[in-house]
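Could you look at this predicted model? Sequence included:
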Amino acid sequence: PDRSVADVVATYTVVADGANSRFGRALGTFRQQEWPHAIAHRARYRSALHHAAEIELVVGLRDHGGTPVTGYAFMFPRGDGTVNVGVIAMSTSPSFRVLSLPRLLEAIVAEHGAAWHLDPDPVEVAAGGRLPLGASVGPVAGPTYLVVGDAAGVANPLSGAGLEYAIETGGLAADVLHEALTEGSAAALQRYPRLLDDTYGTYFQVGRLTSRFLGNTTLSTGAARLAATRRPAADAFVRIAANQLRPSWGLAENAYRIGRALARVAPSS
């Protein structure tokens, strides 16, 4: 209140400044360039269906030249008078380097806008950016810091979703920091990378492999047709992509076990 200035020095720092983490890069983090990443583009539209109790996912996307796109579009009711409409494309898409997501978003709005009662124009300028995926950014721990969420590249490599992983990695970091502060030793911080690997390692590896497989146009077209025409296949696709696997045997669980077996033969993917 008296406008005095003071320096506050943190014992430990949690880096949580998003996908384009400047703090992370300043501390030496880098992304595995050969691993898949994604780009997303979305906008909010006013809609009478903003309180709808469901979301819509659209697979089988194609660019303006008709080439299949590895990714999906979504319509997500926000409950505030608007619906979030967006597209996510994986870097394994055959035409990724020349893909125009704003153009793809316009096509999705034109095709699905009437069903969702969307106003013609968005309430804000459409925006997006690159999403590092599958724990592709590291190192996530240093002598006095931990990196969490999108800054650590922990978004889901199958869906591009990052919010729940940001919360979960923040919780893991909190546990480690509590131990470090309680014991008065920074050594506990080095448990954090192992916790991430134990929690997500295999699932993320399967996700990266799946993204690469779906970069094949024949496979992606067949998978999209299957998901769009067969309810069990669609349910399995959503449960795997949302990391909601069950302990019992089912289509999603069997498919994941196959992916896990393949991941064992390609440990560096």
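Happy to help now that I have it.

In contact with the residue nearest the centre of the chain: list those residues for me.
The centroid of the chain falls nearest to Gly160 when counting by CA atoms, centre = their mean (2.2 Å). Residues counted as contacts of Gly160 (CB atoms under 8 Å, 6 or more residues apart in numbering) are 38, 40, 71, 88, 90, 131, 133. For glycine as for every other residue, the C-beta is placed from the backbone atoms N, C-alpha and C.

So what does the third one look like in phi/psi?
In this entry, Gly71 is assigned phi and psi values of phi 160, psi -160 (degrees, to the nearest 10).

what's the neighbour count on it?
27 (other CB atoms under 10 Å).

gap between the nearest residue to it once chain neighbours are set aside and Gly18?
Spatial nearest neighbour of Gly71, excluding adjacent residues (CB to CB, 6 or more residues apart in numbering): Ala89 at 3.9 Å. Noted for Ala89: a distance of 19 Å to Gly18, by CB to CB, to the nearest Å.

So those two - more neighbours on which side?
Neighbour totals were compared for Ala89 and Gly18, and Ala89 leads with 24 against 16 (other CB under 10 Å).

returning to what we had before: next, format the contacts of Gly160 as CSV and append distance to Gly28, pLDDT and secondary structure.
Conversion of these to CSV gives the following (distance: CB to CB, whole Å; pLDDT from 0 to 100; DSSP: H, G, I helix; E, B strand; the rest coil):
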residue, distance to Gly28, pLDDT, secondary structure
Ala38, 24, 95, strand
Ala40, 26, 95, strand
Gly71, 31, 91, strand
Ile88, 29, 96, strand
Met90, 27, 94, strand
Leu131, 21, 94, strand
Leu133, 20, 95, strand
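
which one among those residues gets closest to Leu104?
Among these, Gly71 lies closest to Leu104 (CB to CB), at 8.9 Å.

show me the contacts for that closest one.
Neighbouring residues of Gly71 by CB under 8 Å, 6+ apart: 38, 61, 87-90, 93, 160.

Let's see that with 6 Å instead.
61, 88-90 (CB atoms under 6 Å, 6 or more residues apart in numbering).

Repeat that for Val59.
Val59 neighbours (CB under 6 Å, 6+ apart): 72, 224, 227.

7 Å instead, please
Residues in contact with Val59 (CB atoms under 7 Å, 6 or more residues apart in numbering) are 72, 224, 227-228.

for the stretch 51-200 of the chain, what spans make up the strands?
If DSSP state E, counting those that start in this stretch is used as the criterion, the strands of the stretch 51-200 of the chain fall at 56-58, 71-77, 82-90, 127-132, 137-138, 145-147.

so which of the ones you listed is the most packed in?
For those, average neighbour numbers computed from mean count of other CB atoms under 10 Å are highest in strand 145-147, which has a mean of 26.

Give me the contact list for it.
Strand 145-147 is touched from outside by 12-15, 24, 27, 29, 140, 173, 176, 189, 192, with contacts defined as CB under 7 Å, 6+ apart.

From these, keep the buried residues only.
By the neighbour-count criterion of 16 or more other CB atoms under 10 Å, the contacts of strand 145-147 include these buried positions: 12, 14-15, 24, 27, 29, 140, 173, 176, 189, 192.

What is the nearest of those residues to Phe204?
Checking the buried ones among the contacts of strand 145-147 against Phe204 by CB to CB gives Val140 as the nearest, at 12.9 Å.

How much space separates the closest one from Ala174?
Distance from Val140 to Ala174, by CB to CB: 14 Å.

now do Pro36
Distance, Pro36 to Ala174, by CB to CB: 29 Å.

who's more crowded, the two?
More neighbours surround Pro36 than the other of Pro36 and Ala174, with 26 against 13 (other CB under 10 Å).

show me the contacts for Gly65.
Applying CB under 7 Å, 6+ apart to Gly65 gives the contacts Ser95.

Could you give the backbone dihedrals for it?
Per-residue torsions, Gly65: phi -90, psi 0 (degrees, to the nearest 10).
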